[in-house]
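Novice: return a 3D structure for these sequence lines:
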Amino acid sequence: MRSRFITILVIIFAAIGGLYTVLSLTHVGQGEVGVVYTMRDGVQEEVLMPGFHFVGPTARVKAFPISQQQLVLSNNPADYNSKEHQDWHVDAPAEGGSVKMNLTINYNFMSDRVIDLYTKFNGMDGGAIVEGMVQNSIIAYIKEVTPRFSVMDIYSNKRSEVSQAITEYLNEKLNGEYGIHVSSALIIDVQLDDNLQAKIQAKEQAKQDAEKAELDKQTAQAQAEVDKVNAETAKQIAITKAEGAAEVQRIEAEAEANANRIISQSITPELIQMKEAEARLEHGWVTVQGGTIVTDESRSTGGN
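Specialist: Residues are numbered from 1 along each chain as shown. Got it, this is the predicted structure:
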């Protein structure tokens, strides 16, 4: 009977010990640190790193993410990888009106600040702090940045500059207030009301029309220059052809004159006498006129 009682006590103590061990173990996830609080000692000065830890059954451990987390502020459920989601877009004021902005905020808690945050916010963990306070603060701070820019800046050509300004301002505010570092705040979509959309489209159309008019002007100027060059080239070609023809005529005239001069110089009295002598030997009486032999026969023929 006694041995049976001892066996039962051993089982009871083993169960109690096992339960105590289970209740005393806690797990800190990867990319997180844990803040430990006990009724006897209060908040411990050292945070728990990722892994399993023996902290006692009465200790409370709250996790804070120190790896990069993402907060989505959007009216598009697809941005949350969901079919339905609460609308968290930001109605941002800007010069010339306001816009609906969807953003992603990449952030993390700084490990050396989490113990103070736990104390400051009465034992809330990192997720509760972000959901309950940080998210609303971020929306308010974004609305303090966007009035520096126009609707057109946010909607189109300066979106990256706006994102950078929001990132810097959020770091300035959230670092001191919540011990949060913001690595980036990215605008993923901007939506306009119908009135603003019509104004921007009209402005864009006017810009395109002005660019087209300038391009047409430049094209016309370029064509005029081409036409001018072509006309000048044609003129030079015509002048060159005319000069060439004139030169040919001059050369031909000069050659003919030279030929006549040579012929004229070659007809001497001695040549005429020689020709007459040669002709008389062949034809009888002849005369030589200007280098041409004239016989009695040719005279009589000319007389007929």
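Novice: which residue ranges of this protein form helices?
Specialist: With DSSP state H as the criterion, the chain has helices at 2-24, 114-120, 126-129, 135-145, 151-155, 159-178, 194-266, 269-283, 296-303.
Novice: which of these comes out lowest on mean pLDDT?
Specialist: The stretch with the lowest mean pLDDT among the helices of the chain is helix 296-303, at a mean of 51.
Novice: so how many other residues sit close to Ile138?
Specialist: Counted by other Cβ atoms under 10 Å, the residues lying close to Ile138 total 25. C-beta coordinates here come from the backbone N, C-alpha and C atoms, glycine included.
Novice: so which residue is smack in the middle of the chain?
Specialist: A centroid search over the chain (Cα atoms, centre = their mean) returns Asn157, at 10.7 Å, as the residue closest to the centre.
Novice: now that one, what are its backbone angles?
Specialist: Reported as degrees, to the nearest 10, the phi and psi values for Asn157 are phi -80, psi -10.
Novice: shift numbering so it begins at 667
Specialist: OK, 667 is where the count begins now, so the last one is Asn823.
Novice: show me the contacts for it.
Specialist: Shown in contact with Asn823 (Cβ atoms under 8 Å, 6 or more residues apart in numbering): no residues.
Novice: isn't Ile710 up against Val699?
Specialist: For the record, residue 710 is Gln, not Ile. No: the pair Gln710 / Val699 is not scored as a contact, 11.8 Å apart, by Cβ atoms under 8 Å.
Novice: so which of those two has more stuff around it?
Specialist: Val699 (23 against 16).
Novice: what is the burial count for the residue nearest to the more buried one when sequence neighbours are not counted?
Specialist: Once flanking residues are discounted, Val699 sits nearest to Val713: 4.2 Å by Cβ to Cβ, 6 or more residues apart in numbering. By the measure other Cβ under 10 Å, the count of residues near Val713 is 20.
Novice: same question for Val738.
Specialist: Using other Cβ under 10 Å, Val738 has 15 neighbouring residues.
Novice: how near is it to Ala760?
Specialist: Counting by Cβ to Cβ, to the nearest Å, the separation of Val738 from Ala760 is 21 Å.
Novice: ditto for Gln735
Specialist: 28 Å.
Novice: so for these two, which residue has more residues nearby?
Specialist: Higher neighbour count among Gln735 and Ala760: Ala760, with 23 against 17, using other Cβ under 10 Å.
Novice: who does that one form a beta bridge with?
Specialist: The partner list for Ala760 in beta bridges (DSSP bridges) reads Gly763.
Novice: need the contact list for it.
Specialist: Taking Cβ under 8 Å, 6+ apart, we find Ala760 in contact with 812-813, 815-817, 819-820.
Novice: can we see that at 10 Å?
Specialist: Neighbouring residues of Ala760 by Cβ atoms under 10 Å, 6 or more residues apart in numbering: 767, 809, 811-821, 828, 856, 862.
Novice: before we move on, what about Val892?
Specialist: If a contact means Cβ under 10 Å, 6+ apart, then Val892 has no contacts.
Novice: tell me the spacing between it and Lys901.
Specialist: From Val892 to Lys901 the distance is 15 Å (Cβ to Cβ).
Novice: right, I'll call it a day here.
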